[in-house]
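Visitor: Whatever this is, show me its structure:
(chains A, B, C and D)
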2 protein chains.
Amino acid sequence: MGRTRETSEARQRILETADRLFYAEGVRAVGIDRIIAEAEVAKMSLYKHFPSKDDLILAVLQYREGKVLEFFGAAMERHAKRTKDKLRAFFAALKDWFESPGFRGCAFQNAAVELADPTHAGTQFVKEHKRRFQAFLAGLVEEAVGKGAAKVAPAVGLLVEGAIVTAVIQGSPAAVDVARDAALKLVAEAKGV
Amino acid sequence: MGRTRETSEARQRILETADRLFYAEGVRAVGIDRIIAEAEVAKMSLYKHFPSKDDLILAVLQYREGKVLEFFGAAMERHAKRTKDKLRAFFAALKDWFESPGFRGCAFQNAAVELADPTHAGTQFVKEHKRRFQAFLAGLVEEAVGKGAAKVAPAVGLLVEGAIVTAVIQGSPAAVDVARDAALKLVAEAKGV
DNA sequence: ACAAGAACAGACAGGTCTGTATACTTCAGG
DNA sequence: CCTGAAGTATACAGACCTGTCTGTTCTTGT
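Guide: Purely as a prediction, here's the structure:
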């Protein structure tokens, strides 16, 4: 039989191409024609899988959340061999990301800024993603600090978000070191008390 | 004589209107036609004062930097009557901003994201603005902590940036309290040592 | 072999975008 | 009174945008 709707090769090619272009140039700046040309796909194929561009944007964000998870999983595991501290491994992974070619900040945040519409499904998804990401981060903090994690985890989250936007604007990954040192200081203090 | 080029009424109306629309909906989403309609200005007047939309974007960013300075100056002075601590007054002013109607994050950051082009004059200006803003913040930190300011000021900057993006995505000003508490903790520790 | 689903190819409609061109109005200073 | 600067009004070019429509080709299960 023909490939099922969710695993179609054309669909996958569209998702990957759109993800790459959206991240590099923005969801508003990249048009449908550009995506189908680079994905080597017919326009009707795109609209069969994604009824509108807004649907495609949402699908790309969902697709990207999976990729982000994979990236941090792999990078942290790589670093875990040096430091047993998971929080340190996370910041090392963050630095890897900042230094990766084509780094342009957080795709979710960027999309939310460009959409500029709180009712857009993509904006809603970004909000939920950030909550999930913060929960993940809180888990790492809890391993480092134990019960008092609730107190410092949100501050660590702000340091991470701040480091992301600062790194992309300054065009340098240096912010991650500042964020890591401050986060470790806050964690150490929470532990000490 | 006719008003000089820099103080023309039409020019001012264009700047204010463009600033309002750009901030609310984004520099890419708002077109020239929309701006001239709401500013009640002829298209040729706009292009006389700003040769291209990119020039207008840059001019709006410069105009806005002045307004931001005014806002924080006024808000901090208002709060300075309650707390003598300038850093506390700053975070109180930040909260005022987060709670102001139509808050949509940092206009400079948003513009940089939308432009998605490091060579764009607007992007360059955003980078410089952030450096100036960080210097201003470092001044506040120095008053609180003295000589050791260089150590904690960058971290406080990340907390502030993180609070801005988090507040807009979560649609709540709660992040500012987290940022303030963490910043004061870092400052207190730097002072103690 | 054949029907049906999936993808391809490309034209097209209707709208929006930036930027230019043309012609008219208003008004102040010499 | 006349010149020139500033602003107004409007039409237009050329590009690009999303989404639709019509056909063709390829593959695969029955």
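Visitor: just for chain A, where's the confidence low?
Guide: Residue ranges of chain A with pLDDT under 70: A:1-6.
Visitor: ok, 90 please
Guide: A:1-9, A:81-84, A:146-150, A:191-193 (pLDDT under 90).
Visitor: what separates the longest helix along it from the chain centre, distance-wise?
Guide: As assigned by DSSP state H, the longest helix anywhere in chain A is helix A:53-80. Put simply, helix A:53-80 sits 6 Å off its chain's centre (Cα atoms, centre = their mean, to the nearest Å).
Visitor: Which neighbouring elements make contact with that helix?
Guide: Under the contact definition 3 or more Cβ pairs under 8 Å, 6 or more residues apart in numbering or on different chains; DSSP states H and E, helix A:53-80 sits against helix A:9-25, helix A:86-99, helix A:107-115, helix A:121-145. All C-beta spots, glycine's among them, are computed from the backbone N, C-alpha and C.
Visitor: The same query, at a cut-off of 6 Å, please.
Guide: helix A:9-25, helix A:86-99, helix A:121-145 (3 or more Cβ pairs under 6 Å, 6 or more residues apart in numbering or on different chains; DSSP states H and E).
Visitor: Around DNA strand D, pick out the residues from chain A.
Guide: Residues of chain A found near DNA strand D (Cβ under 7 Å from any atom of the strand) are A:1-2, A:30-34, A:43-44, A:47, A:51-54.
Visitor: Only whichever of those are buried, select them in ChimeraX.
Guide: Of those, the buried ones go into a single ChimeraX selection, burial set by 16 or more other Cβ atoms under 10 Å in any protein chain shown:
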select /A:30,53
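Visitor: For residue A:122, state which of the residues of chain A next to DNA strand D is nearest.
Guide: Distance to residue A:122 across the residues of chain A next to DNA strand D (Cβ to Cβ) is lowest for residue A:54, with 7.0 Å.
Visitor: can you count the residues close to the closest residue in space to residue A:168 that isn't next to it in sequence?
Guide: Distance criterion Cβ to Cβ, 6 or more residues apart in numbering or on different chains; nearest residue to residue A:168, sequence neighbours excluded, is residue A:105 at 3.8 Å. Look at residue A:105: counted by other Cβ atoms under 10 Å in any protein chain shown, it has 21 neighbours.
Visitor: how about residue A:105, secondary structure?
Guide: coil (DSSP: H, G, I helix; E, B strand; the rest coil).
Visitor: Isn't it up against residue A:167?
Guide: No. Assessed by Cβ atoms under 6 Å, residue A:105 is found out of contact with residue A:167, at 7.5 Å.
Visitor: Quick check, the residue in chain A closest to DNA strand D?
Guide: Residue of chain A nearest DNA strand D, by Cβ to the nearest atom of the strand: residue A:31 (3.0 Å).
Visitor: Compute the number of surrounding residues for the closest residue to residue A:137 other than its chain neighbours.
Guide: The shortest distance from residue A:137 to any non-neighbouring residue, by Cβ to Cβ, 6+ apart, is to residue A:157 (5.5 Å). Residue A:157 has 23 neighbouring residues, counting by other Cβ under 10 Å.
Visitor: Next: the one 5 residues further on.
Guide: Applying other Cβ under 10 Å, we find 28 residues neighbouring residue A:162.
Visitor: how about the host helix or strand of it: buried residues?
Guide: Using DSSP states H and E, residue A:162 sits in helix A:149-170. Residues of helix A:149-170 classed as buried by neighbour count (16+ other Cβ under 10 Å): A:149, A:151-169.
Visitor: ok, now stretch A:125-136?
Guide: Result for stretch A:125-136 [16+ other Cβ under 10 Å]: buried residues A:125-126, A:129-130, A:133-134.
Visitor: near DNA strand C too, which of those residues?
Guide: With the criterion set as Cβ under 7 Å from any atom of the strand, no member of those is near DNA strand C.
Visitor: Quick one: residues in contact with stretch A:109-116.
Guide: Residues outside stretch A:109-116 that contact it (Cβ atoms under 6 Å, 6 or more residues apart in numbering or on different chains) are A:26-28, A:122-123, A:126, B:25-26, B:110, B:113, B:169.
Visitor: try 7 Å this time
Guide: Stretch A:109-116 has contacts (Cβ atoms under 7 Å, 6 or more residues apart in numbering or on different chains) with A:26-28, A:57, A:61, A:122-123, A:126, B:25-26, B:29, B:110, B:113-114, B:165, B:169.
Visitor: same deal with stretch A:186-193?
Guide: Counting by Cβ under 7 Å, 6+ apart, A:87, A:141, A:144-145, A:148, A:151-152, A:155-156, B:182, B:185, B:189 sit against stretch A:186-193.
Visitor: and residue A:173, which of the three is it?
Guide: Taken by three-state DSSP, the conformation at residue A:173 corresponds to coil.
Visitor: gap between the residue lying closest to it once chain neighbours are set aside and residue A:110?
Guide: Leaving aside its chain neighbours, residue A:173 sits nearest to residue A:98 (3.5 Å; criterion: Cβ to Cβ, 6+ apart). In this view, residue A:98 and residue A:110 are 15 Å apart by Cβ to Cβ, to the nearest Å.
Visitor: what about those two, which has more around it?
Guide: Between residue A:98 and residue A:110, residue A:110 has the larger neighbour count (other Cβ under 10 Å), namely 23 against 19.
Visitor: ok, now how distant is the more buried one from residue A:24?
Guide: Distance, residue A:110 to residue A:24, using Cβ to Cβ: 10 Å.
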